[in-house]
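Peer 1: generate coordinates for the sequence data below:
(2 chains)
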Protein chains: 2
Amino acid sequence: MDWLLYLPLAAGVVSLVYAFGKTAWITKQDPGGDTLQEISAAIREGAMAFLKREYKILALIGACIAVILAFTEKGAGQLVSVAFVVGALFSGLAGFIGMNAATKANSRTAHGAEKGLVTALNIAFTGGSVMGLSVVGLAIIGLTGLTIIFTRIFGEDPEAMNKIVLTIISGYSLGASSVALFARVGGGIFTKAADVGADLVGKVEAGIPEDDPRNPATIADNVGDNVGDVAGLGSDLCESYIGSIIGAMVLAGEMHELKLVYLPLLIAGVGVVASIISTFFVRTKEGGDPQKALNLGTMGAALLTLIATVPLVLWYAPKLFNDGMYSSYGIIIAIFAGLASGVLIGMATEYYTADGKKPVAGIARQSSTGPATNIIAGIEVGMLATGIPVLLLVAAIFVAHYFAGLYGIGIAALGMLATTGIQLAVDAYGPIADNAGGLAEMAKLPAQVRERTDKLDAVGNTTAAIGKGFAIGSAAFTALALFVAFKEKAGIEVIDVTDATVVVGLLVGGMLPYVFSSFIMGAVGRAAFKMIEEVRRQFREIKGVLEGTVKPDHVACVDIATQAALKEMIIPGVSAVVIPIIVGYLGGAEMLGGLLVGVTVSAIMLALFMANAGGAWDNAKKFIEGGAYGGKGSDAHKAAVIGDTVGDPFKDTAGPAMDIIIKLMSVVSLVIAANIPH
Amino acid sequence: MDWLLYLPLAAGVVSLVYAFGKTAWITKQDPGGDTLQEISAAIREGAMAFLKREYKILALIGACIAVILAFTEKGAGQLVSVAFVVGALFSGLAGFIGMNAATKANSRTAHGAEKGLVTALNIAFTGGSVMGLSVVGLAIIGLTGLTIIFTRIFGEDPEAMNKIVLTIISGYSLGASSVALFARVGGGIFTKAADVGADLVGKVEAGIPEDDPRNPATIADNVGDNVGDVAGLGSDLCESYIGSIIGAMVLAGEMHELKLVYLPLLIAGVGVVASIISTFFVRTKEGGDPQKALNLGTMGAALLTLIATVPLVLWYAPKLFNDGMYSSYGIIIAIFAGLASGVLIGMATEYYTADGKKPVAGIARQSSTGPATNIIAGIEVGMLATGIPVLLLVAAIFVAHYFAGLYGIGIAALGMLATTGIQLAVDAYGPIADNAGGLAEMAKLPAQVRERTDKLDAVGNTTAAIGKGFAIGSAAFTALALFVAFKEKAGIEVIDVTDATVVVGLLVGGMLPYVFSSFIMGAVGRAAFKMIEEVRRQFREIKGVLEGTVKPDHVACVDIATQAALKEMIIPGVSAVVIPIIVGYLGGAEMLGGLLVGVTVSAIMLALFMANAGGAWDNAKKFIEGGAYGGKGSDAHKAAVIGDTVGDPFKDTAGPAMDIIIKLMSVVSLVIAANIPH
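Peer 2: Next comes the predicted model:
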């Protein structure tokens, strides 16, 4: 075993220690006055209660999968099962640690905003960085740890490495992806049901402002931000990160190149260290621009990673590989191609969704002729927004493949995601700032506090959109890498799209993301409907709630969202695991291959469409709220609110689930590849 | 040459003669009073003027393509060019003949409805059958005629047949598909721009009823029904029909089986005769159900075709083919599989979109909580509605392939479309009834006239949805057949989806239908916006229009829609032809193969999604208008109108364009296949 592998392990440990230190620091900050603490405690309790119940269900489902894996997998079955459990556990743990810090940071950010922007940004970002660093820390510790253990058991013989060790490691990825899908879908349903329910009855029917303490669904809404946008996001990016590393490792295994198997772990280790260092770059002055501070952090980390990776690759990787076809320089080009396409896709996403750019301005203008034209305009922008990102993606695939073969494609994904630590910190900072704003409103803090948190929150919206671009791009690369590995493992020569069996798989695969999206959006609708009825009931039956003299029953609303989310997440989650298994065993490896391709093509487009349409609708509404076309309360604004409501389940529930489904189905297929008929 | 080929030729001639006779019969019917005649003349003039200008542009574009084809195609270049021109001409002619009859039938149907339902149905259906029978007549005359001529020139040697004759015949399909795309997109933009414009200003802003003569856009709206839903639909189904016959012929050519090359023409001939006979089944009593009459016609034709085809295939087709792998019984099973899946897909479509079924009732219920929930519910239904049709499709592909190989897949498409004659008659009957209703309103005929035409129109909506199911299903089969033929012609062994070049094509292909849809919907939005401004201007500037004392300027509105449609149809139309050429020559045959697969998978899903969501929104509105959730004028109704407006460009412009794009790109690729690098 290569002793260098202890370096990423060490980086992971440092990352975790750093995250714990930061959590302790947050806990020491002033949590503010009694009202603030009380509301914050209610949110925290609701979030933790949800996570507890969610994890219980996941434990049950996970146990079933683990048992099935242990019995059906030929060869190293039980060990795959163990790796699966570790992956699932770590993914869940990452969500928990992140949410723990976030629910502590929100009230402290609100209280900090009373002092100024600098303190607020500092607390909110630190909260986010706990999540970011614990996700990458846990992911890399698990991955490197399992690699070290299993290479010790089975030796470093390339054949064993390819056949056994990487299959076992794939189990780890499977565990992480499974938990991620449930967490994303469950959290997404929770947050959007609460959001839509709170808005439709509160803002529209009762005419009270957002986050008003009289609205019984506001606590649920804020709980939702934590379980969906923090814990769900954490598990989601955890699986993307693991997937991208494993994809490259498995491809190297196929080539029987040991050093190339380990290289992704080393690059990931470099990225972790770079992420930790870059958290120090996120600083701003009073009155400064938080966007710049966050950009400095993410760009700094990317640059540091790139600088450190070049010598690492040139020194460590074989000069030539794949029978001399590609050189170590090619690997560097592939990393760069992945990183560049990620940044450019992020910029394209920003163009289509950012306030003030042409597409969003167009939706705002079309809002002035009513909701119908607003909706058509948003769908138009979302569909158009698939264009540039896909071209960037194929350009990167082409370059990476040209210079470093299939391994290059795997490495490009890693180039995009090596700095997940800081990217996720920036992503998770958004909901913390959002929550702080809600708390400020509910605790009736001075108006300037809300202004400051709003400023932090606005930045969060754009970074979230960019983060989604990275998630979708890397999903495409990773799926491709896993897919190639699947073909090799299944022992099929080609997956020819003119073969009728493959076509059957392709069409069914292309259809699945639509049916999943439909189901998830339906789940949001059903849960929101229950929430609306409960809020209406409380306004009607509990006297004094609307007058603000009696406290509404928050707990009932949190309970409704919790139960609905937990119930509705099961069907899509289980189907995503079970469908590839059924198709593989009944239809054979070729049909399953077709299915994976169909799912990937269809899901990437839907993910881009939904993320961009949703983001654009949201910001078109904000643009009008800023005074355009009559501003708040105008007919254009009403139309834009409708667009935003339609966009919510698009961008925050169904859309992000697409990325995970792509990878989950690919990794399930990879794990069962050796056993299915063809 | 096989003398039997004169039989389909004869069937085509009979079909045309019958259509001319029917046109004469319609002309002889009473066109009603002066007002009715005057309005009808205005619609007819607008429609003919549009078609004239559209065909001028198409002639220009067609000439360019013909010249390019003549010079770039190796071997039989000039002849491919000739076939292309014939295909384009016939497709255009079919649209013209159909629209000529439809614009005569509309006022006569309105006048006939004064007498009773029987007369009205008779005239409207006869108008539709002129279109249906001239489309299939022209299509089969062209196809059989070219086959006879070119086999005379090049002989019936299987090698020449495969290499030369079928390439030339593909040119015919290319011509038909090109015209179809322009006609569908141009007509679709015209009709929806006029519709949305007329509705938003007239119904919503000015508060005057639909089809009110005071609204300057009503004539344009009715012109749009003719150029979009009649002429556009005619060209569209003409190309589907030709595509399905050619797909099977080309596949037989690859196998060097002459009889199997001719068989699709013979089966199509049987379908034409069956369609003519079945027009006599469409009869109803006063107070009867027009739906039953139409169903009897389409089901009768399907049954007749099936009964006549079984002995034909058993007698004519080789007992065994493809090296003895498949038998003639397999062909019969494939025809049946195609037909059965078509009918079942139609039934599924009806379930998702029909008034009174669960999905539409769900959208209506969700309308009561506002437009946002109405939109989400409609999208949910549309996405879910991809599920069953795709499963039915793959089941048919599986069965057809299992029993008759790839040829079976081509034949299954033909099984679905052999009775296009009567199916199209039923489809085209819808807009005639719709127009008659509009005329009755504008000419202020008695209320019971409108009631009768509404009854006819409602049936038309359901049959249109079923027709779309057939169009999408057959597009999938045909594309697959053309695609297999492309691979053989391009001389590539496999199109492996794990090849990076293929993946690049796949992803770009998957993206294109989204960008096309975005563009087409944007075009509708832009054109509608101009229309809205013009109608507002007339209401504001021309005194007496709103009071009904001064006639509005209809011509200006027709002009706006005409210009917008002609301008906006060019980019998508030309791109669909040019993109495969660019990708083929620059990226090679494998990348182009990937592109075709990506386009097919993505476009089928979008077509199903859009057609079903649009149909469901439309009928949810009608359901509420029938009295549910407060009926007309309620908040639920307002929300449902918004959903319907969003659904309009979905189901009538972007959605139907998807089917054509699939086949147009496939046939362009097939034509250039032999010349591109790989």
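Peer 1: who's in contact with the one residue in the stretch 51-200 of chain A that gets nearest to chain B?
Peer 2: Nearest residue of the stretch 51-200 of chain A to chain B (CB to the nearest CB) works out as residue A:200 at 6.7 Å. Any C-beta I mention is one placed from the backbone N, CA and C, and that applies to glycine too. By CB atoms under 8 Å, 6 or more residues apart in numbering or on different chains, the contact set of residue A:200 is A:528, A:532, A:645, B:369-370, B:372.
Peer 1: try 7 Å this time
Peer 2: A:532, B:369 (CB atoms under 7 Å, 6 or more residues apart in numbering or on different chains).
Peer 1: is it in a helix, a strand, or coil?
Peer 2: Per DSSP: H, G, I helix; E, B strand; the rest coil, the secondary structure class of residue A:200 is helix.
Peer 1: now the residue of chain A most remote from its centre. Its backbone dihedrals?
Peer 2: Going by CA atoms, centre = their mean, the residue of chain A most distant from its centre is residue A:543, 41.6 Å out. Recorded main-chain torsions at residue A:543 are phi -70, psi 140, according to degrees, to the nearest 10.
Peer 1: show the pLDDT at residue A:1.
Peer 2: You'll see residue A:1 listed with a pLDDT of 59.
Peer 1: correction: the previous question concerned residue A:9.
Peer 2: Per-residue pLDDT puts residue A:9 at 93.
Peer 1: can you report phi and psi for it?
Peer 2: Main-chain torsions, residue A:9, degrees, to the nearest 10: phi -60, psi -50.
Peer 1: which residues touch the residue lying closest to it once chain neighbours are set aside?
Peer 2: In space, and not counting its chain neighbours, residue A:9 is closest to residue A:144: 4.6 Å by CB to CB, 6 or more residues apart in numbering or on different chains. Neighbouring residues of residue A:144 by CB under 7 Å, 6+ apart: A:5, A:8-9, A:12, A:265.
Peer 1: stretch A:595-614: which residues count as buried?
Peer 2: A:595-614 (16 or more other CB atoms under 10 Å in any protein chain shown).
Peer 1: same question, stretch A:480-494
Peer 2: A:480-490, A:492, A:494.
Peer 1: is that stretch positioned near chain B?
Peer 2: Yes - contact of stretch A:480-494 with chain B (CB under 7 Å from any CB of the partner chain) involves A:480, A:483-484, A:487, A:494.
Peer 1: please tell me how far the residue of the stretch 51-200 of chain A closest to chain B sits from residue B:629.
Peer 2: Separation of residue A:200 from residue B:629 (CB to CB, to the nearest Å) stands at 17 Å.
Peer 1: repeat for residue A:389
Peer 2: For residue A:389, the distance to residue B:629 equals 40 Å [CB to CB].
Peer 1: of the two, which one has the most company?
Peer 2: residue A:389 (28 against 18; other CB atoms under 10 Å in any protein chain shown).
Peer 1: can you classify the residue nearest to the more buried one when sequence neighbours are not counted as helix, strand or coil?
Peer 2: Spatial nearest neighbour of residue A:389, chain neighbours left out: residue A:345 (4.7 Å); criterion: CB to CB, 6+ apart. The three-state label given to residue A:345 by three-state DSSP is helix.
Peer 1: wait, residue A:345 touches residue A:392, no?
Peer 2: Yes - with contact defined as CB atoms under 7 Å, residue A:345 counts as touching residue A:392 (5.3 Å).
Peer 1: so which of the two has more stuff around it?
Peer 2: Each of residue A:345 and residue A:392 has its neighbours counted (other CB under 10 Å); residue A:345 has more, 28 against 22.
Peer 1: contacts only, for that one.
Peer 2: A:389, A:392, A:469, A:473.
Peer 1: helix or strand for the second one, just tell me which one.
Peer 2: Residue A:392 is located in helix A:387-417, with elements delineated by DSSP states H and E.
Peer 1: again with the third one
Peer 2: Residue A:469 is located in helix A:447-490, with elements delineated by DSSP H and E.
Peer 1: what's downstream of that helix, the next helix or strand?
Peer 2: helix A:500-541.
Peer 1: check whether that next one comes near chain B.
Peer 2: Yes - Helix A:500-541 is in contact with chain B by CB under 7 Å from any CB, via A:500, A:503-504, A:506-508, A:510-511, A:514-515, A:517-518, A:521-522, A:525, A:532.
Peer 1: between these, which is nearest residue A:420?
Peer 2: residue A:517 (25.3 Å; CB to CB).
Peer 1: hmm, residue A:654 and that closest one touching each other?
Peer 2: Yes - counting by CB under 7 Å, residue A:517 does reach residue A:654; the two are 4.2 Å apart.
Peer 1: where in chain A is the helix or strand with the lowest mean pLDDT?
Peer 2: Lowest by mean pLDDT, DSSP states H and E among the helices and strands of chain A is helix A:158-160, with a mean of 75.
Peer 1: hmm, back to that, any chance of the contacts of residue A:144 in TSV, with secondary structure and neighbour count too?
Peer 2: Formatted as TSV, the contacts of residue A:144 follow (DSSP: H, G, I helix; E, B strand; the rest coil; neighbours: other CB atoms under 10 Å in any protein chain shown):
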residue	secondary structure	neighbour count
A:5	helix	18
A:8	helix	27
A:9	helix	19
A:12	helix	26
A:265	helix	26
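Peer 1: need the max-distance pair from those.
Peer 2: Most distant of the contacts of residue A:144, by CB to CB, are A:5 and A:12, 11.2 Å apart.
Peer 1: before we move on, the earlier item: between the residues of stretch A:480-494 next to chain B, which is nearest chain B?
Peer 2: residue A:494 (4.1 Å).
Peer 1: any idea of the pLDDT on the closest one?
Peer 2: For residue A:494, the predicted pLDDT is 82.
Peer 1: which residues touch it?
Peer 2: B:494, B:496.
Peer 1: distance of residue A:633 relative to residue A:362?
Peer 2: Distance from residue A:633 to residue A:362, by CB to CB: 22 Å.
Peer 1: can you check residue A:302 too?
Peer 2: According to CB to CB, residue A:302 stands 32 Å off from residue A:362.
Peer 1: pull up the gap between residue A:191 and residue A:46, please.
Peer 2: Applying CB to CB to residue A:191 and residue A:46 gives a distance of 12 Å.
Peer 1: revised request: answer the last question for residue A:39.
Peer 2: Plainly put, residue A:39 is 11 Å away from residue A:46 if you go by CB to CB.
Peer 1: where does the residue lying closest to residue A:634 once chain neighbours are set aside fall, secondary structure wise?
Peer 2: Distances taken as CB to CB, 6+ apart place residue A:624 nearest to residue A:634, at 7.2 Å, with adjacent residues excluded. According to DSSP H and E, residue A:624 maps onto helix A:570-625.
Peer 1: and stretch A:510-520, which residues are buried?
Peer 2: A:510-520.
Peer 1: ah, wrong one, I meant stretch A:285-304
Peer 2: For stretch A:285-304, by 16+ other CB under 10 Å, it's A:290-291, A:293-295, A:297-298, A:300-302, A:304.
Peer 1: all helices of the stretch 201-350 of chain A, in order?
Peer 2: In the stretch 201-350 of chain A, the helices defined using DSSP state H, counting those that start in this stretch lie at A:218-224, A:233-254, A:258-278, A:290-316, A:328-353.
Peer 1: just give me how far the fourth one sits from the chain centre.
Peer 2: Counting by CA atoms, centre = their mean, to the nearest Å, helix A:290-316 is centred 21 Å from the centre of its parent chain.
Peer 1: do me a favour and average the pLDDT over it.
Peer 2: 87.
Peer 1: still on that earlier bit, now the residue nearest to residue A:389: how far from residue A:105?
Peer 2: Between residue A:345 and residue A:105 the computed distance is 29 Å (CB to CB).
Peer 1: one more: residue A:395?
Peer 2: Counting by CB to CB, the gap from residue A:395 to residue A:105 is 39 Å.
Peer 1: where does chain A dip in pLDDT?
Peer 2: A:1, A:73-77, A:204, A:461-462, A:465 (pLDDT under 70).
Peer 1: hmm, residue A:353 and residue A:622 touching each other?
Peer 2: No - counting by CB under 7 Å, residue A:622 stays clear of residue A:353, with 10.7 Å between them.
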